[in-house]
Structures are given as structure tokens and as C-alpha cells.
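> Quick one: sequence plus predicted model below, questions after.
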Amino acid sequence: MHEPVLKKIFQRHPGLLRRLLNDFLPIEYPVLELEYMTEGLYGDTSGFLCSIALVKCRDSRGDSFIVDVLLQRTPVLMRRVFMNAARIYCRNGQPFHGPSETFPVRTLCLLGYNQFPIESAWVHQYEMRTEGTAGGSLGEVFFTFVELLKWTDPGVPLDESRDLWMIFFTKPGNLVGRSAPGQRLRSEEMWQAVRESGHWHTA
């Protein structure tokens, strides 16, 4: 799907966006609430990154954090993704009255090219950690990269939610009949979004 279509889908279907975040982000407590943020907070203006959604999330424990959902179709320096997250992190507490008003920032980046050398893995998690095997996470900025081209269709039916998302992103018209029986109720909103987008008959 193209960037404008994905933007429209996730604006009209916040429940679908919430499911995407819960399926791909390495979070302990699921996202329950979303609040769309103004695009003025979004830092990258180069055209290399397309922001699909910028949302403030609240999880089931009551903690808040910000997620920027990005799409990259051509290779760019990875530092651009990091710089963008840093800008969001610095700006999200404005007007600044203290560190407690600045929330952790997570980036979910959908890559339309192969970035990482590990051939078998197509979902990659990065975070800032202290040095050493016993070191802990600094806990403020996190990155999830999804390499769309590395995903391999496992066949019918799809048993994993992530596999169903890959069909949604790459061949949305093929969603019919691709989910396992237990997933069909959960996938109803996804099918509705595809119908609305006009991609239902896409091959």
C-alpha cells in the first residue's frame, strides 16, 4: 500500500493501529489508548521518511509513551531515523516544565528494502543499553525495524499475526481466506479497511 492510503486507514481505524503496535513492539503491557499528535511535532522534513502516524499511547499499566510509525522505501542513512526520534523526544515535553513531562519514544519503521545482514530475521529491535552483558536498558528511545522484502509467505493459513500484517502491507487483496479460524474475528477491521481503501481486488 502507498503512504497516503496507510495514513488514511490508520486515522479511520485507531483500533487497527493499536493492534499493529501490540503485534510488533516489544512491550510488556499492551497499548489500550491512542491519541493522535499534531504533525508539527514530526521532525523530518527531508522527504526521505514518510510518517504514517505519530501517536501518544497509554498501556494497560497506565504508562504513556510516543510511537512514530514510519515508512522508508529507499535506502537512507540509518542515522536519519535516530535523529528524528531524538527530535521527537526533545520536543514532546514542550512547553518544558520538567523531565517528567517527556515521554519515552518508540519508532516502528517499515522498510521497503533490505537493511540488515541477517538473512533469516526480518523484524529487528534496537535500544540504548549500558555496556556489558549485565547492563540494563536506558529506557527512553527504542526502534523496531520491519524488512518487508525479507518476509516469506508461509502458506495457508497464516498462523501468526505478523504474517497477516505482511499480507496487509504487500498484497492486501489476498487477505480473504488467509487467516486461521481463530484470527478471523480479530481480522474483521483489517478486512474492512482494505475494502475502504479500494485494494480488495488487488492481486
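Now that the structure is in, tell me what you want to look at.
> Could you tell me the per-residue confidence at the nearest residue to His13 once chain neighbours are set aside?
Once flanking residues are discounted, His13 sits nearest to Ala193: 5.2 Å by C-beta to C-beta, 6 or more residues apart in numbering. For glycine as for every other residue, the C-beta is placed from the backbone atoms N, C-alpha and C. Residue-level confidence at Ala193 comes out at 85, pLDDT.
> which element is Ala193 on?
helix 188-197 (DSSP states H and E).
> so how far is that helix off the chain centroid?
Centroid displacement of helix 188-197 relative to its chain, using C-alpha atoms, centre = their mean, to the nearest Å, is 18 Å.
> and it, what does it pack onto?
helix 3-12, helix 14-24, helix 161-170 (3 or more C-beta pairs under 8 Å, 6 or more residues apart in numbering; DSSP states H and E).
> In TSV, list those helices along with distance to Leu71.
Listed next are the helices and strands packed on helix 188-197 as TSV, based on distance: least, C-beta to C-beta, whole Å:
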stretch	distance to Leu71
helix 3-12	6
helix 14-24	12
helix 161-170	9
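> And Val67, how close does it get to Trp151?
21 Å (C-beta to C-beta, to the nearest Å).
> Of these two, which one has the most company?
Neighbours were counted for Val67 and for Trp151 using other C-beta atoms under 10 Å; Val67 has more, 25 against 17.
> Could you report the neighbour count for Val194?
24.
> correct me, but it touches Gly173?
Yes. With contact defined as C-beta atoms under 8 Å, Val194 reaches Gly173; the gap is 7.2 Å.
> Show me the one of the helices and strands packed on helix 188-197 that comes nearest Leu77.
helix 3-12 (19.9 Å; C-beta to C-beta).
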